[in-house]
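J.: quick one: sequence and predicted model below, then my questions.
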Amino acid sequence: MTFELKTKIKDQRPKPDKIMSIANTRTETIIAAGIIEENDQVAARVEHLRALEALVGNSYPNKFDRSRISDQEDAISNLLAFKPVAEVLAEIKSHIGTLAEGARPDPVLKDALNKKLKFYGTARVSGRLTTTPRTMGKAAFVHLSDGKHRLQIYVRRDDVQGVFNGKLTPAGEPPNQTPAPEAVDGWELFKLLDGGDFVGVEGFLFLTNTGELSIHVEKLQFLSKALLPMPDKMHGIADPELRRRYRYADLIASSLQVEHDGLTTREVFERRARLISGMRRFLDDAGYIEVETPMLSPKATGAAATPFETYHNALDIPLYARIAPELYLKRLTVGGFEKVYELNRNFRNEGLSHKHNPEFTMLEFYCAYMDVNGMMDFAEAMIRESVEKATAGSHLVVFDGREIDFSKFERLSMKDAILRYGDVGAVEITDANIVELFEDHVEENLIQPTFIVDYPKSISPLSKANPENPQLAERFELFINGMECANGFSELNDPQEQYERFVDQQKARESGDHEAMVLDEDYIRALSYGMPPAAGIGIGIDRLVMLLTNRHSIRDVILFPHMRPLTKEVGEVEEVGEV
RNA sequence: GGUCCGAUAGCUCAGUCGGUAGAGCAAAUGGCUUUUAACCAUUGGGUCGAAGGUUCGAGUCCUUCUCGGAUCACCA
């Protein structure tokens, strides 16, 4: 019903073939379809693209050969790190460092360094124009970006030759027989460029009067068009919503060095990548094997959460997006993988918040013959070392103006934590209220990394009991800045007891607790083959990244977080559907 | 789901007590052959998130809705 209405409304949009017939060029097509907006900025860029096609032929050539230094492609970042270039840069930088603000470097030194740069010969680099060219009559400066670093190029009318990209033959038309020019007017080409376009250049390196490394361009080739204007050069994309919706544009602003809370968006995700690779390396080096277990599973279990439900047509069964890989990983310890980990997404169909996204990344790992205490030791070392990898050597991070120290994790029983932090007055701590007291009064006070231990067994259905106090589970959770970042325990491996705990959960489920854990009979069967004593942990990667990047929302550490669609169609349809 | 805040030019924002819609950047045109958020001159650019209401008159006041943010409840 709703579906039909939705289709009807969608049908009212212009049909693609209709759009094609209105539009004259392929560029106007995407404007007519409403995919990119129609305004004076876009119109100017479309005009420039047409003029460029008339000048250089193919406006989207297939490749650009960049010069090679050592064994790497000459990305701008690599060129800047190239030893002779880096030495010249270091020299000019130390010289400029001694100059008064705004003063220019000594021309004699500059000329000497420029002679050194001549030895590099011709450089061929390519990148995106980060800004609109600063044109001064018959010469201009503009920066090229490889996404990470910027390099200035200098274009003079009398020195620049344009490259012809090959003839454009519209589909269905016979090839044009007129001979292609070998070169085109480079200055004409340059004047048609907009901020954001991609070009390849060839020329020689030099230092400008102000001491900035630049390429004096001799050949200029057009590589790709930016039809949409670039983000604001000072503010980037200021609206957090648009930064998340159009992450690609948000990332472009990173090459303009636009920072938010001290880091560019690119740096956030580079740091995230280094944390994850640090964790992988630590686990690989410790003899763990990485595995992938089902994302789609007939049982949504291993955690207390509401799953996403889907359906497999050929099998004719419902499937659930996994809420945790835990029970599969422990099946693998049964199978003989003594050290095993999985670093991947979990899905929970629950509310969104600054620390909850419907899909989130979790690292889970299990180690046979280890108990909860060994796991805390190991996890502490792993997190400390990975954090240092992510932050280039520091175990200190500043979050929200507060310093967090990853060098030492405190361990505190839940009860002691309440006695220390919880201003609970004369309330007696009992098995029934301890968790509530902890969550309400303690969690927000756990700023420095703290393992909380001695959880009630009743809320830990997959955990072994503490041998000294059977009412407690051998379980811990790691809290940092008031956020739960990890959860681990000595894994329950007795199939009989595990079955009974599942049955208890099932009863809780039937009496209304819809998030109580789902019984998994095959898991009980797996345990019946015998599982070694083992400890396991799940670490919330996104939350750790938040702490390392001073981001207050999980959506700022996920490249493409889920957002409501921009179109209003859905809302309109729902209203109609209810009538 | 509850509460609070926000949406104005392509971007960043101002808009006083309800009285003709503003600036900077970006764009277009012209000038300038080592600039640094380049500069100078000229020009164009608006469904004030959407719908309704109050009013002689609404960007501004009221109601509803959409989207987003913050926060509370549940979950990691």
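T.: Received it, and whenever you're ready, just let me know what you need.
J.: okay, CA-based contacts and neighbour counts for the rest of this
T.: Noted.
J.: which regions of the stretch 51-200 of chain A lie under the pLDDT threshold?
T.: A:70, A:169-176 (pLDDT under 70).
J.: all helices of it, in order?
T.: Across the stretch 51-200 of chain A, reading from the start of the chain, the helices by DSSP state H, counting those that start in this stretch fall at A:76-81, A:83-97, A:107-118, A:186-191.
J.: return the most buried member of those helices.
T.: Looking across the helices of the stretch 51-200 of chain A with neighbours counted as mean count of other CA atoms under 10 Å, the highest average goes to helix A:186-191: a mean of 20.
J.: what about the helices in the stretch 201-350 of chain A?
T.: Along the stretch 201-350 of chain A, counting by DSSP H, counting those that start in this stretch, helices occupy A:240-245, A:247-254, A:265-285, A:326-334.
J.: of all those helices, which one is nearest RNA strand B?
T.: Among these, helix A:240-245 comes nearest to RNA strand B, with 4.4 Å by CA to the nearest atom of the strand.
J.: which strands or helices does the closest one pack on?
T.: In terms of contacts (3 or more CA pairs under 8 Å, 6 or more residues apart in numbering; DSSP states H and E), helix A:240-245 is packed against helix A:247-254.
J.: what's the helix it packs on in contact with?
T.: For helix A:247-254, contacts defined as CA atoms under 8 Å, 6 or more residues apart in numbering pick out A:147-148, A:230-233, A:236-237, A:243-244, A:264-266, A:559-560.
J.: RNA strand B next: which of those residues are close?
T.: A:231-233, A:236-237 (CA under 7 Å from any atom of the strand).
J.: skipping its backbone neighbours, what lies nearest A:Asp400 in space?
T.: Leaving out its chain neighbours, the residue that sits closest to A:Asp400 by CA to CA, 6 or more residues apart in numbering is A:Asn550, at 6.4 Å.
J.: same list, the helices of the stretch 201-350 of chain A, but as TSV with mean pLDDT please.
T.: Converted to TSV, the helices of the stretch 201-350 of chain A look like this (pLDDT from 0 to 100):
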stretch	mean pLDDT
helix A:240-245	86
helix A:247-254	90
helix A:265-285	96
helix A:326-334	97
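J.: what does the stretch 101-250 of chain A have sitting close to RNA strand B?
T.: The stretch 101-250 of chain A has residues A:132, A:134-139, A:141-142, A:156-158, A:194-195, A:207-212, A:214, A:229, A:231-241 near RNA strand B, with proximity defined as CA under 7 Å from any atom of the strand.
J.: of those, which belong to strands?
T.: Secondary structure defined by DSSP state E assigns A:134-135, A:139, A:141-142, A:156, A:207, A:214 of these to strands.
J.: among the residues you listed, name the buried ones.
T.: When these are checked for burial by 16 or more other CA atoms under 10 Å, the buried set is A:139, A:141-142, A:156, A:207, A:214.
J.: from RNA strand B, how far out is the closest residue to A:Phe64 other than its chain neighbours?
T.: Nearest non-adjacent residue to A:Phe64, counting by CA to CA, 6+ apart: A:Gly200, 6.7 Å away. Noted for A:Gly200: a distance of 19 Å to RNA strand B, by CA to the nearest atom of the strand, to the nearest Å.
J.: for A:Gly200, give me its contacts.
T.: For A:Gly200, the contact set (CA under 8 Å, 6+ apart) comprises A:64, A:124-127, A:220-223.
J.: quickly list what it is bridged to.
T.: Beta-bridge pairing of A:Gly200 under DSSP bridges involves A:Ser126, A:Gln221.
J.: mind listing what the residue positioned nearest the centre of chain A touches?
T.: Geometric centre of chain A, nearest residue: A:Leu559, 3.9 Å, by CA atoms, centre = their mean. Neighbour list for A:Leu559: A:244, A:247, A:269 [criterion: CA under 8 Å, 6+ apart].
J.: please, where are all the strands along the stretch 351-500 of chain A?
T.: Read by DSSP state E, counting those that start in this stretch, the stretch 351-500 of chain A holds these strands, from start to end of the chain: A:359-368, A:396-399, A:402-405, A:410-413, A:450-456, A:465-466, A:469-480, A:483-490.
J.: between the first one and strand A:483-490, how many degrees?
T.: With axes from the mean of the first three to the mean of the last three CA atoms, to 10 degrees as the criterion, the two stretches strand A:359-368 and strand A:483-490 enclose an angle of 30 degrees.
J.: pull the CA atoms of strand A:359-368 into CSV?
T.: Provided in CSV are the C-alpha atoms of strand A:359-368 (Å, rounded to 0.1, in the frame of the first residue of the first chain):
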residue,chain,number,x,y,z
GLU,A,359,26.0,0.0,12.7
PHE,A,360,29.1,0.2,14.7
THR,A,361,32.5,-1.4,14.6
MET,A,362,33.6,-3.8,17.3
LEU,A,363,36.7,-5.8,17.9
GLU,A,364,36.1,-9.1,19.6
PHE,A,365,38.7,-11.6,20.5
TYR,A,366,39.1,-14.7,22.5
CYS,A,367,42.1,-16.4,24.1
ALA,A,368,42.0,-20.0,25.3
